[in-house]
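Structure for this input, please:
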Amino acid sequence: MDSRDFIAEMDARITEATAGSGWVAAVVAQKMYGQLLESDPDLLEGWLHAIATQMLRRVIGLRTHQERTVARRRAGARSFADAAADFEMAASEDGRQEAAVRLIGMFGEPHVIDADGTQKRAADMTGPEHLFVAENTYQRTANRALMLGAFHRAVAGKVGVRRTADVLTEVQYAQMYRSIVRSPEGEAA
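Residues are numbered from 1 along each chain as shown. A predicted model of the protein is given here:
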């Protein structure tokens, strides 16, 4: 079992299962899981073992993102009357500030604050760490979203009501993508 390249084998199976259009990731995953349990449980087990660290990292990252999203929604969903009551109950200025932090909930949100992937709560971050978050998380994401939006607007202009494959070859599509989405340094933004 150790001599198998589980990553390559699974990649080939995934490529085969997602060939063409109109597939749904959740449906493909469920179907593949069932098929692998029945026909090749060693591949499934070996692949899961090979990607465990990577998947745990992704799950932890997604969990952090989801917690941040939930905290924002809850903070926004609280009624004005509840917020006013919290502030009224807080007699001192410090108490008011603590109540505000509870309402906002963002003070405890973790952010990636350096190139190594270190995470810190907003409350514990320094100015340079906030700048790193601004530039390397939000500004980069915003720039990439703008470029991808421009790319799809350009494709829409060329394609019109026809299918993309009827107007552009795969090479032309990739060239358009690179001409719009690549950064000046030649790397994908």
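
Would you mind finding the longest helix in this protein?
If you go by DSSP state H, the chain has its longest helix at helix 41-77.

Tell me which other helices or strands it touches.
Where contact means 3 or more Cβ pairs under 8 Å, 6 or more residues apart in numbering; DSSP states H and E, helix 41-77 is packed against helix 6-17, helix 25-39. In short, each C-beta sits where N, CA and C put it, glycine included.

Please identify the most buried of these.
Greatest average neighbour count among the helices and strands packed on helix 41-77 goes to helix 6-17 (a mean of 14), per mean count of other Cβ atoms under 10 Å.

Rounded mean pLDDT for it, please.
Mean per-residue pLDDT for helix 6-17: 93.

Show me what that helix is packed up against.
Checked by 3+ Cβ pairs under 8 Å, 6+ apart, helix 6-17 has helix 25-39, helix 41-77 packed alongside it.

got any ranges where this protein has weak pLDDT?
By pLDDT under 70, the weakly predicted segments of the chain are 1-2, 71-105, 183-189.

domains of it?
1-75, 113-189 (automatic domain parsing).

Could I get the ones you listed in JSON lines, plus columns for distance to residue 107?
Listed next are the domains of the chain as JSON lines, based on distance: least, Cβ to Cβ, whole Å:
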{"stretch": "domain 1-75", "distance to residue 107": "10"}
{"stretch": "domain 113-189", "distance to residue 107": "5"}
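
What about residue 46, how many residues nearby?
Residue 46: 19 surrounding residues under other Cβ atoms under 10 Å.
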